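[1] how would this look folded up:
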Amino acid sequence: MPVVNRIAGFAEEMAAWRQHLHLNPEHGFDCHETARFVVEKLKDFGVSKIHTGIATSGVIAIIEGRKNGPTIGLRADMDALPLTETSGVPWSSQRKGLMHACGHDGHTVMLLGAAKYLAETRNFCGRVALIFQPAEENYGGAAVMVQEGIMDRFDISEVYAIHNTPGTKLGNFYTKPGPIMAGADVFHVDIKGEGGHGAYPHETSDPVMSAVAIAQAFQSIVSRNVDPTEKLVISVTQIHTGTIDNIIPDTAYMNGTVRTFDEGTQSLVKKRMAEIVIGHGQSFGVEANLRYEEGYPPTINNAEKSAFAIQVAEEIAGEGNVNGAQGLEMGAEDFSYMLNERPGAYLFLGIGEAACLHNPNFDFNDSASPYGASFFARLVETAQPLT
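    I've put the predicted structure just below:
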């Protein structure tokens, strides 16, 4: 079946909700106004079991089916990005320095659309747990929700999420079993040398030379220490040092990211980075220290649940419009924490032509909302049928 008719019938309503959220973005764990909007809508739909204040501003709502059964979890992230919008749409962010540049406003509305339909029909067994999560961008809101015990507290047996993707045909889905999004770690290198006059470098211990050498040597981990068939990205994204052309500074700072899918690769990277930093520090006569922070783990789809999600997506998008072997990428996603606790799947939904994610010109395509809401709704009805 295509998009659920009832959901298609309130597509304009969903667009209005989404544009309201786009006007009023919130960042990190501070999604209180967004949460209030979500709760207000859920109550309008007749949802009475609503739990707030989870992970500071997260919301979990429970919709009961017509018979007893398990609980399926559906997650949407609510937070925006610290970015000034330049899209020029009438519903552009009214909060300077904040905007929904990753489409989380669309994700929230897709789950609200599914909630409206499921609360009306309740054509399923068991329960559905609607998870409205803050702080996906960099702060790990999903990890906090898991730490606060949502999986056991609400007896969630499996969990699913969707992310929009520009440049993919509107209404098309893609995903894959196994790893789909990388783990994301952060490294910091602090270098302390002895500065002096740029004309007399022999009288100094130059931290700039050490920083440059370390940055170059880090790439040898990718090219010479890790099996070429393993996927690994090491990116130095910041080097800060110095003030003027004729002064060799005392210190330098370096920062960047490591993206992996495998714990063994991650451990090797940490070991080699430490050896490189210490060795280059000694060879350049400076003090160099590495701080390595493990971030979001890889997002790994359960094979059985991925196959099931692909089947449901094909019902919505039509045969040939779902790719079940696509999506492996080096971006990271904190839904990984939920998938580490329960089997499930993470899917991408095409929104057609649009600016890329995290771009100040990005705006979610409201025409995509009925596809996402229909997927969530049919997922529940198919996973937990009444018959």
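[2] for stretch 199-206, the averaged confidence score.
    Stretch 199-206 carries an average pLDDT of 97.
[3] what about stretch 41-50, average pLDDT?
    98.
[4] who's in contact with that stretch?
    17, 39, 59-64, 112, 115-116, 119-120, 130 (C-beta atoms under 8 Å, 6 or more residues apart in numbering). To be clear about C-beta, it is placed using only N, CA and C from the backbone, and glycine gets the same treatment.
[5] and with 6 Å instead?
    Stretch 41-50 is contacted by residues V39, A61, I62, I63, L112, A115, K116, A119 when judged by C-beta atoms under 6 Å, 6 or more residues apart in numbering.
[6] could you dump those to JSON lines with distance to H188?
    What follows is the contacts of stretch 41-50, written out as JSON lines (distance: C-beta to C-beta, whole Å):
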{"residue": "V39", "distance to H188": "39"}
{"residue": "A61", "distance to H188": "40"}
{"residue": "I62", "distance to H188": "42"}
{"residue": "I63", "distance to H188": "45"}
{"residue": "L112", "distance to H188": "40"}
{"residue": "A115", "distance to H188": "42"}
{"residue": "K116", "distance to H188": "46"}
{"residue": "A119", "distance to H188": "47"}
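[7] Serialize the residues you listed to JSON lines and add fields for neighbour count.
    Rendered in JSON lines, the data for these read as follows (neighbours: other C-beta atoms under 10 Å):
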{"residue": "V39", "neighbour count": "17"}
{"residue": "A61", "neighbour count": "26"}
{"residue": "I62", "neighbour count": "16"}
{"residue": "I63", "neighbour count": "26"}
{"residue": "L112", "neighbour count": "28"}
{"residue": "A115", "neighbour count": "26"}
{"residue": "K116", "neighbour count": "24"}
{"residue": "A119", "neighbour count": "19"}
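[8] among the residues you listed, which ones are in helices?
    Among the contacts of stretch 41-50, the subset assigned to helices under DSSP state H consists of V39, L112, A115, K116, A119.
[9] separation between P249 and Y346?
    44 Å (C-beta to C-beta, to the nearest Å).
[10] of those two, give the one with the bigger neighbour count.
    Y346 (26 against 20; other C-beta atoms under 10 Å).
[11] the more buried one should be in a helix, yeah?
    No - Y346 is assigned strand when assessed by DSSP: H, G, I helix; E, B strand; the rest coil, not a helix.
[12] looks like it contacts A161 (just checking).
    Yes - look at Y346 against A161 with C-beta atoms under 6 Å: they come within range, at 5.3 Å.
[13] which residues do those two both contact?
    If you check Y346 and A161 against C-beta under 6 Å, 6+ apart, the residues they both contact are F335.
[14] ok, back up a step: can you tell me which of the ones in helices among the contacts of stretch 41-50 is closest to F364?
    L112 (13.5 Å; C-beta to C-beta).
[15] if you count contacts, what does the longest helix anywhere in the chain end up packed against?
    Longest helix of the chain, by residue count under DSSP H: helix 263-284. Applying 3 or more C-beta pairs under 6 Å, 6 or more residues apart in numbering; DSSP states H and E, one finds that helix 263-284 makes contact with helix 207-220, strand 287-293.
[16] partner strands of the last one and their direction?
    Take DSSP bridges as the rule and strand 287-293 pairs in its sheet with strand 183-192 (antiparallel).
[17] chain center to the strand it pairs with, what's the gap?
    Centre-to-centre, strand 183-192 and its host chain are 21 Å apart (C-alpha atoms, centre = their mean, to the nearest Å).
[18] so what touches it?
    207, 210-211, 251-260, 277, 286-298, 332.
[19] do stretch 311-327 as well
    Taking C-beta under 6 Å, 6+ apart as the rule, stretch 311-327 contacts 1, 171-176, 180, 310, 348, 374-375, 378-379, 382.
[20] confirm that R95 sits in a strand.
    No - with three-state DSSP as the criterion, R95 is coil rather than part of a strand.
[21] the closest residue to it other than its chain neighbours: what's it in contact with?
    Nearest residue to R95, sequence neighbours excluded (C-beta to C-beta, 6 or more residues apart in numbering): P25, at 5.8 Å. Residues near P25 by C-beta under 6 Å, 6+ apart: A80, S93, R95, L98, M99, H100.
[22] how many neighbours does the third one have?
    Neighbour count of R95, defined by other C-beta under 10 Å: 15.
[23] so which residues make contact with the host helix or strand of H22?
    Using DSSP states H and E, H22 sits in helix 11-23. Contacts with helix 11-23, where a contact means C-beta under 6 Å, 6+ apart, come from W91, Q94, H100, D105, G106, V109, G113, D366, S369, P370.
[24] would you quantify the distance from the first one to A355?
    Translated: W91. Counting by C-beta to C-beta - W91 and A355 are separated by 15 Å.
[25] same question, the fourth one
    Distance of D105 to A355, given as C-beta to C-beta: 15 Å.
[26] go on, the last one?
    Between P370 and A355 the distance is 22 Å, computed by C-beta to C-beta.
[27] of the two, give the one with the bigger neighbour count.
    Counted by other C-beta under 10 Å, P370 and A355 do not tie: P370 has more neighbours, with 25 against 15.
[28] redo the contacts of P25 as CSV? Include pLDDT and distance to A215.
    Below are the contacts of P25 laid out as CSV (pLDDT from 0 to 100; distance: C-beta to C-beta, whole Å):
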residue, pLDDT, distance to A215
A80, 98, 32
S93, 98, 36
R95, 97, 36
L98, 98, 32
M99, 98, 32
H100, 98, 34
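[29] those: which two are farthest apart?
    Longest span within the contacts of P25, C-beta to C-beta: R95 and H100, 10.4 Å.
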